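Asker: sequence unknown, structure follows:
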């Protein structure tokens, strides 16, 4: 699937700097940025879910430790 990406001048400059720093094309820099962000978001969501489950499971113990 093809997609057109419209960037303002500031984001275009940031993309150029990113691609130069990584020694890759702008296309590859965009692909990497999207992939990295998705991986972090999924991981962060999973960590948040596990933390919530743990807090619920051990709520009474955590309350006692806080006192």
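Answerer: In hand now; what should we look at? Nothing here was measured: the structure is a model prediction, and the numbers come from that model.
Asker: count the neighbours of residue 29 for me.
Answerer: Residue 29 sits with 20 neighbouring residues when counted by other C-beta atoms under 10 Å. For glycine as for every other residue, the C-beta is placed from the backbone atoms N, C-alpha and C.
Asker: kindly report the same for the one 4 residues further on.
Answerer: Each residue near residue 33 was counted by other C-beta under 10 Å, and the total is 15.
Asker: buried residues in the helix or strand hosting it?
Answerer: Using DSSP states H and E, residue 33 falls within helix 26-57. Of the residues in helix 26-57, 29, 30 count as buried by neighbour count, 16 or more other C-beta atoms under 10 Å.
Asker: how about residue 26, what does it touch?
Answerer: Listed by C-beta atoms under 8 Å, 6 or more residues apart in numbering, the contact set of residue 26 reads 15, 16, 19.
Asker: with adjacent residues omitted, what lies nearest to the first one?
Answerer: Put plainly, it is residue 15. Among residues not flanking residue 15 along the chain, residue 26 sits closest, at 5.4 Å (C-beta to C-beta, 6 or more residues apart in numbering).
Asker: can you check the pLDDT for that neighbour?
Answerer: Residue 26 is assigned 92 on the pLDDT scale.
Asker: do you know how far it is from residue 4?
Answerer: From residue 26 across to residue 4, the span is 13 Å (C-beta to C-beta, to the nearest Å).
Asker: list the contacts for residue 7?
Answerer: Here residue 7 is in contact with residue 15 (criterion: C-beta under 8 Å, 6+ apart).
Asker: for it, helix, strand, or coil?
Answerer: At residue 7 the chain is in coil, as set by DSSP: H, G, I helix; E, B strand; the rest coil.
Asker: now do it, the pLDDT please.
Answerer: 95.
Asker: next one: phi and psi at it?
Answerer: Dihedral pair for residue 7: phi -120, psi 140, per degrees, to the nearest 10.
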